[in-house]
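> only geometry, no sequence info:
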């Protein structure tokens, strides 16, 4: 009977110990020579470590390798040992000459990220379950590493503040923080948003953001799995690990709206959402649809829609309405008084993220995407909270949130913060009943 290998798990670690241990490990590694951390111009090889070896992490590793022949993947970590090996085989087939991952630099379990950071890498790619992003980011920055981090920065406000502090520390140390809000690295979208900011459609009146698609991949519960193993295998479907569709999908759309508006916070947000179609326990405790309205001080409204239901019409779009025109961002088109279409080159935005990251490292410069990464994460958290509670929330209220669900300790036999009832159903937020705190 199939059982996930448990030998790679850590010992019993409390949440407080998990946070403190990561900080201590980062401080210890930071004491090593600068050559073990920030890459110095002229070094022969830039050593990369990957944390999170699923599809997105494997893709990020390949994008990093594509950034130049001097980039070498030397270490990998994941909660599950089998995912490390699956990803490693895939990457070796793609770029064998730039893969130097030995068995000694393959790590698994809840402390695998610490071992990866301490293994002599220069750059850390973070693409793990989103719950763990803040502490992984903090540990990497504490250890003097450049970082590529997938969105979101966190899945609750207290942890987001850890990520904010890490981004500020990176700026002080001259370390790169490149965020996986990938549209910021798309040449066509960059030029389109630049024209909007420069006034080509006049004053922005409203923005419609749409991200309606199908549910994420599901993994069937296996005999012998504990509840913690099951939820970590299916982390996209649990709020404490993923943060709902607003933090996994709509965040990309909200980020583009925020970009067009100058990356300033809104005054308030309200919305509605629920769990209408995806009610089977295999879908965890997520809502399957959300609709939100952000209100800004200058009267602009941003309307956000996301849905993850099978068998429905899908669309990803961003439409910006101005006083002198309209912009369809993902069609790279402006209509109105000054019509325009983008006709330039469009290399992979995923590759461009890493090309610019490694170019900055080689040049001794620093990119820091921390401000908009954390702002857009907060927007997505605000949308989630407004929909789950059914309340109108202010920017001040969401910033003061103390809600941070987490297990009491990180181990495979520990209880996750959400557990199924006797019928296998997970408790789900109920608008008008669930309270904001």
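Right, received. Where do you want to start? What you see is a predicted model; the values in this text were computed from it and never measured.

> Any buried residues in stretch 406-423, and which?
Buried residues in stretch 406-423, counted by 16 or more other C-beta atoms under 10 Å: 406-407, 409-412, 414, 416-418, 420. Yep, even glycine has a C-beta here, placed from its N, CA and C like the rest.

> wait, which of those residues is closest to residue 75?
Ranked by distance to residue 75 (C-beta to C-beta), those are led by residue 410 at 20.7 Å.

> What values do phi and psi take at that closest one?
Residue 410 adopts backbone torsions of phi -100, psi 100, taken as degrees, to the nearest 10.

> just residue 434 next, same as before
Backbone torsions of residue 434, given as degrees, to the nearest 10, read phi -60, psi 130.

> okay, now it: neighbour count?
16 (other C-beta atoms under 10 Å).

> I'd say it and residue 385 touch.
No - contact criterion C-beta atoms under 8 Å: residue 434 and residue 385 do not qualify, at 9.2 Å.

> Could you pull out the helices in the stretch 201-350 of the chain for me?
227-233, 239-242, 244-245, 251-260, 349-363 (DSSP state H, counting those that start in this stretch).

> and residue 118, which of those is closest to it?
Taking C-beta to C-beta, helix 349-363 is the member of the helices of the stretch 201-350 of the chain nearest to residue 118, at 19.6 Å.

> Can you name every helix or strand that the helix or strand following that closest one contacts?
Counting by DSSP states H and E, the next helix or strand C-terminal to helix 349-363 is helix 370-389. With contacts taken as 3 or more C-beta pairs under 8 Å, 6 or more residues apart in numbering; DSSP states H and E, helix 370-389 sits against helix 157-173, strand 177-179, helix 251-260, strand 268-274, strand 289-295, strand 393-394, helix 395-399.

> Most distant residue from the centre of the chain?
Largest separation from the mean C-alpha position in the chain: residue 337, at 37.5 Å (C-alpha atoms, centre = their mean).

> Let me see the contact set for the nearest residue to it once chain neighbours are set aside.
Counting by C-beta to C-beta, 6 or more residues apart in numbering, the nearest residue to residue 337 once its immediate chain neighbours are dropped is residue 324, at 4.6 Å. Counting by C-beta atoms under 8 Å, 6 or more residues apart in numbering, residue 324 touches 200-202, 336-338.

> Going by neighbour count, which of those residues comes out on top?
Neighbour count (other C-beta under 10 Å) singles out residue 201 as the most crowded of these, with 24 neighbours.

> Tell me which residues touch the residue nearest to residue 283 when sequence neighbours are not counted, please.
If the residues on either side of it in the chain are set aside, residue 283 comes closest to residue 237, at 5.4 Å by C-beta to C-beta, 6+ apart. Counting by C-beta under 8 Å, 6+ apart, residue 237 touches 215-216, 218, 282-286.

> Contacts only, for residue 186.
Going by C-beta under 8 Å, 6+ apart, residue 186 touches 346, 349, 352.

> about what we covered before: now, which of the buried residues of stretch 406-423 lie within strands?
In strands, defined here by DSSP state E, the members of the buried residues of stretch 406-423 are 409-410.

> residues in contact with the one residue sitting closest to the centre of the chain?
Centrality entry for the chain: nearest residue to the mean C-alpha point is residue 151, 1.7 Å, by C-alpha atoms, centre = their mean. Residue 151 makes contact with 130, 179-181, 247, 251-252, 255, 373, 376-377 under the criterion C-beta under 8 Å, 6+ apart.

> so which two of those residues are the farthest from each other?
Put simply, by C-beta to C-beta the two of those set farthest apart are 130 and 255, 14.9 Å from each other.

> thought residue 167 was touching residue 368?
Yes - with contacts counted by C-beta under 8 Å, residue 167 reaches residue 368, the gap being 6.4 Å.

> With neighbour numbers in mind, choose between those two.
Neighbours per residue (other C-beta under 10 Å) separate residue 167 from residue 368, with residue 167 holding more: 24 against 19.

> Buried residues, stretch 101-115. List them.
101, 105-115.

> how about residue 45, what does it touch?
Counted by C-beta under 8 Å, 6+ apart, residue 45 has contacts 70-72.

> For PyMOL, write a command that selects the buried ones of those residues.
Filtering these down to the buried ones (16+ other C-beta under 10 Å) takes a single PyMOL command:
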select buried, resi 71+72
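
> Among the contacts of residue 45, which are located in strands?
The members of the contacts of residue 45 that map onto strands under DSSP E are 71-72.

> low-confidence ranges in this protein?
Applying pLDDT under 70 to the chain flags residues 1-43.

> Domain parsing of it, as residue ranges.
As given by automatic domain parsing, the domain ranges for the chain are 13-183+353-368, 187-344+377-403.

> Quick check: which of those is nearest to residue 430?
Of all the domains of the chain, domain 187-344+377-403 sits nearest to residue 430, with 8.2 Å by C-beta to C-beta.

> Show me whatever sits in contact with both of residue 167 and residue 368.
residue 177.

> which other residues reach the helix or strand encompassing residue 84?
Element membership for residue 84 (DSSP H and E) is helix 81-94. By C-beta under 8 Å, 6+ apart, the residues outside helix 81-94 that reach it are 4-5, 8, 50, 53-54, 57-58, 61-62, 65, 73, 76-78, 99, 101, 106-108.

> Would you mark the buried spots in that helix?
81, 83-85, 87-88, 91.

> Show me what the helix or strand following that helix packs onto, helices and strands only.
Beyond helix 81-94 on the C-terminal side, the first helix or strand identified by DSSP H and E is strand 106-108. If contacts are counted by 3+ C-beta pairs under 8 Å, 6+ apart, strand 106-108 sits against strand 71-78, helix 81-94, helix 112-117.

> Those: which one's closest to residue 308?
Closest of the helices and strands packed on strand 106-108 to residue 308 is helix 81-94, at 22.8 Å (criterion: C-beta to C-beta).

> ok, how many other residues are close to residue 178?
Neighbour count for residue 178, taken as other C-beta under 10 Å: 24.

> and it, what does it touch?
Listed by C-beta under 8 Å, 6+ apart, the contact set of residue 178 reads 147-149, 353-354, 356-357, 367, 369.
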